[in-house]
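> after the sequence you'll find the predicted model.
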Amino acid sequence: MKKKILIASAFILSIAMCFCTIFINDEKVKESISETQNIIYNEIEKQDVVVSDETKNTAENTIEAVKKDEQLDTTKTITNVEEKELETDAVVEQENISYNGDIKSDGIKLLGAYQGLTYYSQADKRWANQLYTSSNNKSQTMKSSACGPTSAAMVVTASKGTILPTTMAKLYVDNGYRTKSNGTAWSAFSFTADYFGFKEYHTTSSYNTAMKYLDNGYYVISACGNGLFTTSGHYIFLTSSDKNNIKVYDPYLYNNKFNTASRKKANVKVNKNTVTVSKTNFKKYANVKQYFIFSNDKGSGNTKKIVKKTVTKSTVGKKKTLKSNCILYSKKNLKGKKYTYKKNTKVKILKNINKNVDYVQVIATKRKAYINNKNYK
C-alpha cells in the first residue's frame with residue numbers, strides 16, 4: 001500500500017513539474033519539486049522486506065516468552081547425529097542470490113528483549129524437524145540445513161534482541177535467501193545486518209582481518225568448508241577471543257564431535273555448549289571460506305524489557321516446627337480430610353507445591369499431608 005501511495009505521489013509531482021515548466025518560470029519551485037521526486041523515487045526503489053504471517057506469529061510468541069523470562073536457549077548437547085545427513089552449505093556464494101543493500105532497518109519489531117549471548121542448536125528437538133526449504137523438499141529441515149539462520153539468530157540475539165532460529169529461517173525463506181539445494185546464501189548476512197539495524201557490518205576472506213575484529217569485541221559468522229567443523233560446508237558463530245584462543249558456538253555441536261582421528265589434533269575443548277580452539281589450530285584446520293562480521297550493539301535500539309520471575313528458594317528436606325495448633329489437609333488445595341496437630345509438632349518438607357503450600361511428613365506419625373507454610377515457626 002505504501003509503495004502504491006509513493007508511486008501516485010511521484011505521478012502527481014511529474015504533472016506538477018510539467019505544469020511549472022509550461023506556466024511558471026520559477027527555477028526554485030522546479031528545483032524543490034525535483035528534489036522531492038528524487039526522494040520519493042529512492043523510497044520506491046527500496047526493497048520491501050517480506051514478513052509472512054507465520055513469521056510474525058513465531059516472532060510474537062518469542063517476544064511474549066521473553067517477557068515471561070522463559071528459557072529459550074538450547075541447554076542439552078545433541079547426540080546421535082550424522083554429518084553425512086547435512087546439506088552442503090556455506091562453501092560458496094550460492095546460486096548468485098544477491099542483496100542490493102537498500103532496505104529499512106525495522107527488524108527490531110520482530111525481536112524480544114535483549115539478553116546477550118545465547119546458544120541455539122539447529123538440531124534442538126523443539127524445531128529439528130521443521131522444514132527449512134524454498135522448494136518444498138521434505139528432507140530439508142532445520143536440523144539438516146539451518147546452520148545459517150541458527151548462526152544468524154545467535155548473532156542477532158547476542159547484539160540486538162531475542163529471535164529464534166525458526167523465525168530467522170522463515171524470514172530467509174520469505175525473502176529468497178534460502179537456496180534451492182545449498183543452504184543459506186552468503187547475502188543473507190548482509191540483509192540481516194541492515195534489517196536488524198546493526199551499527200557495523202563487514203565481510204572478508206582474510207583470517208587476520210577477521211581476528212582483529214573478533215579481538216575487539218565484534219561477532220563473527222564463519223563459512224567453513226570440509227575440516228574441523230564439518231565434512232561438507234557449515235556456518236559457525238565466533239563469540240569471542242583472547243590472545244591465544246577463540247570461543248565458538250557451533251549450531252551443530254554434538255557429543256564427541258571433535259574426537260575423530262582427523263579432528264583430535266586440533267585439541268578442541270568443549271564446555272557445555274562452548275567450543276574453545278586455539279587461534280593457530282582454527283586457522284590451520286577450520287578451512288574458513290568467508291567471514292561475516294557484526295558489531296556488538298549490546299541491545300541498542302531495543303526498548304523491550306524482561307519481566308523477571310520471582311524465584312522461590314526451595315525448602316525441600318528441611319525440618320520445621322509448628323508455631324501453634326493447626327490443620328493439615330489431604331489435598332494440595334488445602335481441602336479434603338483434615339488432620340489437627342498441636343503446637344511444636346515437627347514436620348519434614350517433602351515438596352514445595354507453591355509459595356504458600358508444602359507437602360510434608362509429620363515426623364512422629366509418618367503421616368503425609370499438605371500445610372499452609374505460614375504455620376511454621
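Done, it's in.
> quick one: Leu72 and Ile63 touch, right?
No. If you go by C-beta atoms under 8 Å, Leu72 and Ile63 don't touch, sitting 11.0 Å apart. To be clear about C-beta, it is placed using only N, CA and C from the backbone, and glycine gets the same treatment.
> find residues that contact each of these two.
Residues touching both Leu72 and Ile63 (C-beta atoms under 8 Å, 6 or more residues apart in numbering): Thr162.
> how is this protein partitioned into domains?
Per automatic domain parsing, the structural domains of the chain span 2-45, 53-294, 319-375.
> in a markdown table: those, plus mean neighbour count and mean pLDDT.
Shown next, in a markdown table, are the domains of the chain (neighbours: other C-beta atoms under 10 Å; pLDDT from 0 to 100):
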| stretch | mean neighbour count | mean pLDDT |
| --- | --- | --- |
| domain 2-45 | 12 | 56 |
| domain 53-294 | 19 | 91 |
| domain 319-375 | 15 | 94 |
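> turn the ones you listed into a markdown table, columns for distance to Asn302.
Shown next, in a markdown table, are the domains of the chain (distance: least, C-beta to C-beta, whole Å):
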| stretch | distance to Asn302 |
| --- | --- |
| domain 2-45 | 24 |
| domain 53-294 | 4 |
| domain 319-375 | 32 |
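> Thr303: which of these is closest?
Thr303 lies closest to domain 53-294 among the domains of the chain, at 8.6 Å (C-beta to C-beta).
> just how off-centre is that closest one within its chain?
Taking C-alpha atoms, centre = their mean, to the nearest Å, the mean C-alpha location of domain 53-294 is offset from the chain mean by 9 Å.
> first to last residue in it, what's the distance?
The straight-line separation of the ends of domain 53-294 (C-alpha to C-alpha, to the nearest Å) is 28 Å.
> how about the strands of the chain, start to end?
Secondary structure of the chain (DSSP state E): strands at 201-204, 219-225, 233-241, 245-249, 269-271, 274-278, 288-294, 319-321, 326-329, 338-341, 346-352, 357-362, 368-372.
> any chance of those in CSV, with distance to Lys76 too?
Below are the strands of the chain laid out as CSV (distance: least, C-beta to C-beta, whole Å):
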stretch, distance to Lys76
strand 201-204, 32
strand 219-225, 23
strand 233-241, 18
strand 245-249, 15
strand 269-271, 13
strand 274-278, 14
strand 288-294, 27
strand 319-321, 35
strand 326-329, 38
strand 338-341, 42
strand 346-352, 25
strand 357-362, 29
strand 368-372, 33
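> to Val156, which of these lies closest?
Closest of these to Val156 is strand 288-294, at 8.3 Å (criterion: C-beta to C-beta).
> name the helices or strands packed onto the closest one?
helix 187-195, strand 201-204, helix 207-215, strand 219-225 (3 or more C-beta pairs under 8 Å, 6 or more residues apart in numbering; DSSP states H and E).
> in TSV, list those along with distance to Val362.
Converted to TSV, the helices and strands packed on strand 288-294 look like this (distance: least, C-beta to C-beta, whole Å):
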stretch	distance to Val362
helix 187-195	60
strand 201-204	65
helix 207-215	61
strand 219-225	57
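> ok, which of these comes nearest Gly112?
With C-beta to C-beta as the measure, helix 187-195 is the member of these nearest Gly112 (16.1 Å).
> report the inter-axis angle for that closest one versus strand 233-241.
40 degrees (axes from the mean of the first three to the mean of the last three C-alpha atoms, to 10 degrees).
> restricting to C-alpha, output helix 187-195 in CSV.
The C-alpha trace of helix 187-195 is given here as CSV (Å, rounded to 0.1, in the frame of the first residue of the first chain):
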residue,chain,number,x,y,z
SER,A,187,24.0,-12.4,1.0
ALA,A,188,21.6,-13.4,3.9
PHE,A,189,24.0,-11.9,6.4
SER,A,190,24.2,-8.5,4.7
PHE,A,191,20.4,-8.5,4.7
THR,A,192,20.4,-9.4,8.4
ALA,A,193,22.8,-6.7,9.3
ASP,A,194,20.8,-4.0,7.6
TYR,A,195,17.3,-5.3,8.5
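> next, the angle from it to strand 288-294.
Using the same axes, to 10 degrees: helix 187-195 against strand 288-294 is 10 degrees.
> wait, doesn't Val316 sit right on Asn352?
Yes. Contact between Val316 and Asn352 holds when scored by C-beta under 8 Å: they sit 6.1 Å apart.
> compare the strands of the chain and give me the one nearest Ser52.
For the strands of the chain, proximity to Ser52 was assessed by C-beta to C-beta; strand 233-241 is nearest, at 23.1 Å.
> report the separation between the nearest residue to Thr209 once chain neighbours are set aside and Lys320.
Once flanking residues are discounted, Thr209 sits nearest to Tyr291: 7.5 Å by C-beta to C-beta, 6 or more residues apart in numbering. Distance of Tyr291 to Lys320, given as C-beta to C-beta, to the nearest Å: 59 Å.
> what's the answer for Arg263, then?
Distance of Arg263 to Lys320, given as C-beta to C-beta: 54 Å.
> with Gln361 instead?
Gln361 sits 11 Å away from Lys320 when distances are taken as C-beta to C-beta.
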